[in-house]
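>>> need a structure here:
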Amino acid sequence: MNNSADETLKELLCGMLCYGAAAQIICLIVDMERLLYTSIGLWIGIGAGALMGVHMKRTIEDALDYDERGAVKHMRKGYALRYVLVAILFGATIYYEVGNPITLLVGVMGLKIGAYIQPITHRVFCKLKTR
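Next up is the predicted model:
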């Protein structure tokens, strides 16, 4: 695609990291006794959300090479793949007791939050570029 899509992805990921840092502070306050357990779940979720964002960008770029029906089919396959992998990640996290599945969900939701605050991170990036 173009450089604009790459910049938007960077802004999205930056927003996700900021959200993750804020959520980490909340984890620190709420569950000090099991901080490592909750933190691991959170950052696995943030990482999964970031990978989902990268995959989503790539899927959209690839879909542009198809006709309308093929593009819709390709997008649905990408959507299904992302969410099946997240379900497997949740199952593995619960089964192996690696991290807190609730904070993992909070981390995955970082993709949504990053998308909502992307206009803010875009303005910050623009201000930093002008300096």
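>>> leaving out sequence neighbours, find the closest residue to the most centrally placed residue in the chain.
Per CA atoms, centre = their mean, the C-alpha nearest to the average position across the chain is that of residue 49, at 2.2 Å. Leaving aside its chain neighbours, residue 49 sits nearest to residue 111 (3.7 Å; criterion: CB to CB, 6 or more residues apart in numbering). Where you see a C-beta, it was placed from the backbone N, CA and C, and this is true even at glycine.
>>> and the next element down the chain from the helix or strand hosting the one you found?
Residue 111 is part of helix 110-116, with elements assigned from DSSP states H and E. Downstream of helix 110-116, the next assigned helix or strand under DSSP H and E is helix 118-130.
>>> identify each buried residue in that following helix, please.
Using 16 or more other CB atoms under 10 Å as the test for burial, helix 118-130 gives 118, 121-122, 125.
>>> with stretch 41-52 instead?
41-50, 52.
>>> which of those residues fall within strands?
The members of those all map outside strands under DSSP state E.
>>> of these, which is the nearest to residue 34?
When those are ranked by distance to residue 34 (CB to CB), residue 41 comes first, at 9.9 Å.
>>> what does stretch 122-131 rub up against?
7-8, 10-11, 14 (CB atoms under 8 Å, 6 or more residues apart in numbering).
>>> kindly report the same for stretch 25-35.
37-39, 42, 100, 103.
>>> please apply the same query to stretch 78-85.
Residues contacting stretch 78-85 (CB under 8 Å, 6+ apart): 48, 52, 55-56, 59, 63.
>>> of all these, which comes closest to residue 92?
Comparing the contacts of stretch 78-85 against residue 92 with CB to CB places residue 48 closest, at 11.0 Å.
>>> quick check, that closest one in contact with residue 110.
No: counting by CB atoms under 8 Å, residue 48 stays clear of residue 110, with 9.1 Å between them.
>>> below-threshold pLDDT in this protein: ranges please.
Scanning the chain for pLDDT under 70 picks out the ranges 1-2.
>>> brilliant, that's me finished.
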